[in-house]
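*Asks:* I would like the atomic coordinates for the input below:
(one chain, ligands or ions: 1)
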Amino acid sequence: MKQRTILFLLGLLFICCGQLVAQSPAPVTLVKAARLLDPRTGNVLSPAAVLIENAKIKEVGAPTKVQAPSGAKVVDLGSATLLPGLITGHAHLLLDVVLPTEAERARHYNGTMTVAELLAIGESPSKRVLLGAQNAREDLESGITTVRNLGHSGIDGDTELRDAINAGRVPGPRILASGRKLITRGSYVQNLNPALADAILNQEFLFIDGADQARQAVRQNEFRNVDVIKVTADENLTVAELAAVIEEAHRAHLKVAVHAVDKTSIQTALDAGADSIEHGDEITEEQLKQMREKGMFLDLTPTSYGHFFTKIFEATIAESLTLYAERLKADERNRQRFNDLAQQVLKSEFVHGFEARDNQLYNSLVQRVLKSGVKFAAGTDMCWHYPGKTCGQATVSRFPTLHEAGMPTLDVIRAITTNAAEMLGWQDRIGAIETGKFADLVAVSGDPIADIHELERVRFVMKGGQVIRNDFVEQSAQE
Ligand SMILES: [Zn+2]
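*Replies:* You can find the predicted model right below:
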């Protein structure tokens, strides 16, 4: 082709593109619903309209007051209730724990889940990132528009997943990625081939061994562009080490989430000035008082409350039975063995012990936290393979358990919207349906204050003004 012709075609292209840009104004959507719940105040606006322009909320009010410009897309959700998009404060999108057998766990000093987590670390990073992409999509479809992912993602699995979602390559929620989890050498190093241990562990963790190394670990995560720092506190972690982590992280404007379960670790997190305590199982009254004074968040994770593991195991056994149906039918002895094993697992200390402990723990913890005035949010620690449920369905099934443990339904909703947004430091962009915030909305058919299980039946999801899911009859019209 002649040079002049090429220049002419290029020129034409620019003109066309210019016109295209000029002709497409900012996308405007008007969402209407019978009710809109503001978790902060508990007020319900009825009926409600939300005007969205360029991924953000422009106006919220009565439909008679909110005027949409001509050409705006109208999404009428009829008798539905609108809520802010849900936020999980604690998840592991790139981890799919299949529990090890009783016998395997009995062989290892390090207790219950460590073995399973280590098995995950040994898996191909590509496999894990694809799992993460699936879990992210499934979370979003269930109404979770923001996930704080706290470790177990390999070196850069969660930061890359976040970037891929933001670039529109794969669907998923907003992700706050922690990168590698900071741990002391004491916690996860058992049971591995010593010759390979460090090479394997470095895929998943950064070690804290003295204050200098603690700072270095934060910087390594900073280099990967993390959004938050996750530390696992145990009795080996000193206040000085954790304080160094926190100082370094705060210098980079990153919050620090500290996994702390026992009293000693909780005290270390308190003394060093963590931003949030994850789990907090054994927290004392005195420690709750200190948390309130420091304005620290408690991130509740009612993972196994309400026979969750029993349900997972039953589903896993049922799935296996289907998979092996032909073989088991042909072999009576094998079928007997399989049934015995299944019964043994269901009655095991892991399933029963964990569940009984969590049920008892949360019944008292929730009451104590509410009484103490400590700021709280909720996560689920979701990383369990639950046959028959998506990751999102498994995740949202955990939130109503807080209500079963005594939390008023409005507080449950706050824990995964307004409160969670503040814990993440994102209260200026998510967690509420307010002017200037991202248009992250969900809608349910019923009233979630009257029936918290409505959270498990999200039928409309919008993220950044984009409709992800709409099971309501959509009436789009040009106004
Ligand atoms: Zn966790």
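*Asks:* Give me the buried positions along the one helix or strand residue 341 maps to.
*Replies:* Secondary structure from DSSP states H and E places residue 341 in helix 332-346. Neighbour counts over helix 332-346 (16 or more other C-beta atoms under 10 Å) mark 335, 338, 342, 345 as buried. C-beta: built from backbone N, CA, C; applies to glycine.
*Asks:* Looking at the residues you listed, which is nearest residue 174?
*Replies:* Comparing the buried residues of helix 332-346 against residue 174 with C-beta to C-beta picks out residue 345 as the nearest, at 36.9 Å.
*Asks:* mind checking how far the residue nearest to that closest one when sequence neighbours are not counted is from residue 335?
*Replies:* Residue nearest to residue 345 in three dimensions, not counting chain neighbours: residue 313, with 5.6 Å by C-beta to C-beta, 6 or more residues apart in numbering. Distance of residue 313 to residue 335, computed by C-beta to C-beta, to the nearest Å: 18 Å.
*Asks:* what is the rounded mean pLDDT of the one helix or strand residue 351 maps to?
*Replies:* Taking DSSP H and E as the criterion, residue 351 maps to helix 349-372. The predicted model assigns helix 349-372 a mean pLDDT of 87.
*Asks:* Check which helix or strand the residue nearest to residue 345 maps to.
*Replies:* helix 308-323.
*Asks:* Pull out the buried positions in that helix.
*Replies:* 308, 309, 310, 311, 312, 313, 314, 316, 317.
*Asks:* Equivalent analysis for stretch 155-164, please.
*Replies:* 155, 156, 157, 158, 159, 160, 161, 162, 164.
*Asks:* Looking at those, which are in helices?
*Replies:* Residues of these located in helices (DSSP state H): 157, 158, 159, 160, 161, 162, 164.
*Asks:* Let's see the pLDDT reported for the fourth one.
*Replies:* In this prediction, residue 160 carries a pLDDT score of 98.
*Asks:* which ones are touching the residue lying closest to it once chain neighbours are set aside?
*Replies:* Nearest non-adjacent residue to residue 160, counting by C-beta to C-beta, 6+ apart: residue 129, 6.6 Å away. Residue 129 sits next to 94, 154, 157, 160, 161 when contact means C-beta atoms under 8 Å, 6 or more residues apart in numbering.
*Asks:* Just the closest of the residues you listed to residue 385, please.
*Replies:* Taking the contacts of residue 129 together and measuring to residue 385 by C-beta to C-beta, the closest member is residue 94, at 13.0 Å.
*Asks:* quick one: that closest one and residue 131 touch, right?
*Replies:* Yes - between residue 94 and residue 131 there is a contact at 6.1 Å, judged by C-beta atoms under 8 Å.
*Asks:* who's more crowded, those two?
*Replies:* residue 94 (28 against 20; other C-beta atoms under 10 Å).
*Asks:* contacting residues for that one?
*Replies:* 128, 129, 131, 132, 135, 149, 152, 153, 154, 157, 158, 161.
*Asks:* Next, check those against the strands and list the overlap.
*Replies:* By the criterion of DSSP state E, membership of those in strands covers residue 149.
*Asks:* any chance of the contacts of residue 94 in a markdown table, plus distance to residue 69?
*Replies:* Formatted as a markdown table, the contacts of residue 94 follow (distance: C-beta to C-beta, whole Å):
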| residue | distance to residue 69 |
| --- | --- |
| 128 | 45 |
| 129 | 41 |
| 131 | 43 |
| 132 | 39 |
| 135 | 38 |
| 149 | 38 |
| 152 | 46 |
| 153 | 42 |
| 154 | 46 |
| 157 | 42 |
| 158 | 39 |
| 161 | 36 |
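*Asks:* Which two of the contacts of residue 94 have the greatest separation?
*Replies:* 135 and 154, at 14.2 Å, using C-beta to C-beta across the contacts of residue 94.
*Asks:* tell me which element residue 231 falls in.
*Replies:* strand 228-232.
*Asks:* Three-state assignment for residue 436, please.
*Replies:* coil (DSSP: H, G, I helix; E, B strand; the rest coil).
*Asks:* Report pLDDT for it.
*Replies:* Residue 436 is given a pLDDT of 98.
*Asks:* Kindly report the same for the one 5 residues further on.
*Replies:* We note a pLDDT of 98 for residue 441 in this prediction.
*Asks:* Just grab the bridge partners of it for me.
*Replies:* Counting by DSSP bridges, residue 441 is bridged to residue 84, residue 462.
*Asks:* can you tell me how far it sits from residue 161?
*Replies:* 23 Å.
*Asks:* what inclination does the helix holding residue 313 have with respect to helix 332-346?
*Replies:* 170 degrees (axes from the mean of the first three to the mean of the last three C-alpha atoms, to 10 degrees).
*Asks:* Run through who's touching helix 308-323.
*Replies:* 98, 328, 338, 342, 345-346, 350-351, 354-355, 384-389, 397-398, 401.
*Asks:* Buried only: go through those residues for me.
*Replies:* 328, 338, 342, 345, 350-351, 354-355, 384-386, 389, 397-398, 401.
*Asks:* Pick the one among those closest to residue 297.
*Replies:* residue 398 (18.0 Å).
*Asks:* That closest one against residue 302, yeah?
*Replies:* Yes - applying C-beta under 8 Å, one finds residue 398 in contact with residue 302, separated by 5.9 Å.
*Asks:* Can you check the pLDDT for the residue nearest to residue 160?
*Replies:* 90.
*Asks:* next one: the one 5 residues further on
*Replies:* The predicted structure scores residue 134 at 96 on the pLDDT scale.
*Asks:* I'd like the buried residues of helix 308-323 laid out as CSV, including distance to residue 434 and pLDDT.
*Replies:* Converted to CSV, these look like this (distance: C-beta to C-beta, whole Å; pLDDT from 0 to 100):
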residue, distance to residue 434, pLDDT
308, 34, 86
309, 38, 83
310, 41, 85
311, 37, 86
312, 37, 83
313, 43, 81
314, 42, 83
316, 42, 79
317, 46, 79
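*Asks:* Switch these over to JSON lines; also include distance to residue 452.
*Replies:* Formatted as JSON lines, those follow (distance: C-beta to C-beta, whole Å):
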{"residue": "308", "distance to residue 452": "16"}
{"residue": "309", "distance to residue 452": "21"}
{"residue": "310", "distance to residue 452": "21"}
{"residue": "311", "distance to residue 452": "18"}
{"residue": "312", "distance to residue 452": "21"}
{"residue": "313", "distance to residue 452": "25"}
{"residue": "314", "distance to residue 452": "23"}
{"residue": "316", "distance to residue 452": "27"}
{"residue": "317", "distance to residue 452": "29"}
